[in-house]
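> prediction below, plus the sequence it came from.
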Amino acid sequence: MRYFFVFAFVNLGLTIFLLKKEKENRPSIDPEILHHNMEEFVVKMEKENNELYERMINYIKEKETILEKRISSAEKKTFIRKTLLLIWKNIMLTI
């Protein structure tokens, strides 16, 4: 049991040592460069968002146009059917 605690303590110490070394070896990033990169990213995302929004608007307009044409066509067909039905009824009544 004593070896377990020694092993755990050594392992913990080694882990802490390696984390400190890794932190020291990491290059520091200039805050101004980071800020500039973030600004570029945000501008890029806004541009892409606007493009996608425009594409969505155009897609919706296309679908609305198609739907309006179908509704108009259906209304014309319904009107013609009703008119023919009335004519047929009038013919049948006169016979």
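All right, it came through fine.

> which secondary element of the protein has the worst mean pLDDT?
helix 2-25 (a mean of 78; mean pLDDT, DSSP states H and E).

> after that helix, which helix or strand is next? Please name it.
helix 31-94 (DSSP states H and E).

> ok now that following helix, how far from the chain's centre?
On the basis of Cα atoms, centre = their mean, to the nearest Å, helix 31-94 sits 19 Å off its chain's mean C-alpha point.

> where does pLDDT dip in this structure?
1-2 (pLDDT under 70).

> one more time with 80
Residue ranges of the chain with pLDDT under 80: 1-7, 9, 21-29, 93, 95.

> before we move on, the earlier item: alpha carbons only: can I get the least confident helix or strand of the chain in PDB?
Extracted C-alpha coordinates of helix 2-25, given in PDB (Å, rounded to 0.1, in the frame of the first residue of the first chain):
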ATOM      1  CA  ARG A   2       2.900   2.300   0.800                       C
ATOM      2  CA  TYR A   3       4.300   1.800  -2.800                       C
ATOM      3  CA  PHE A   4       0.900   2.900  -4.200                       C
ATOM      4  CA  PHE A   5       1.100   6.300  -2.400                       C
ATOM      5  CA  VAL A   6       4.700   6.700  -3.400                       C
ATOM      6  CA  PHE A   7       3.800   5.900  -7.000                       C
ATOM      7  CA  ALA A   8       0.800   8.300  -7.000                       C
ATOM      8  CA  PHE A   9       2.900  11.100  -5.400                       C
ATOM      9  CA  VAL A  10       5.700  10.700  -8.000                       C
ATOM     10  CA  ASN A  11       3.100  10.500 -10.800                       C
ATOM     11  CA  LEU A  12       1.400  13.700  -9.600                       C
ATOM     12  CA  GLY A  13       4.700  15.500  -9.300                       C
ATOM     13  CA  LEU A  14       5.800  14.400 -12.800                       C
ATOM     14  CA  THR A  15       2.400  15.500 -14.200                       C
ATOM     15  CA  ILE A  16       2.700  19.000 -12.600                       C
ATOM     16  CA  PHE A  17       6.300  19.300 -13.800                       C
ATOM     17  CA  LEU A  18       5.300  18.400 -17.400                       C
ATOM     18  CA  LEU A  19       2.400  20.800 -17.400                       C
ATOM     19  CA  LYS A  20       4.600  23.700 -16.200                       C
ATOM     20  CA  LYS A  21       7.200  22.800 -19.000                       C
ATOM     21  CA  GLU A  22       4.400  22.700 -21.600                       C
ATOM     22  CA  LYS A  23       3.100  26.100 -20.500                       C
ATOM     23  CA  GLU A  24       6.600  27.600 -20.700                       C
ATOM     24  CA  ASN A  25       7.200  26.200 -24.200                       C
END
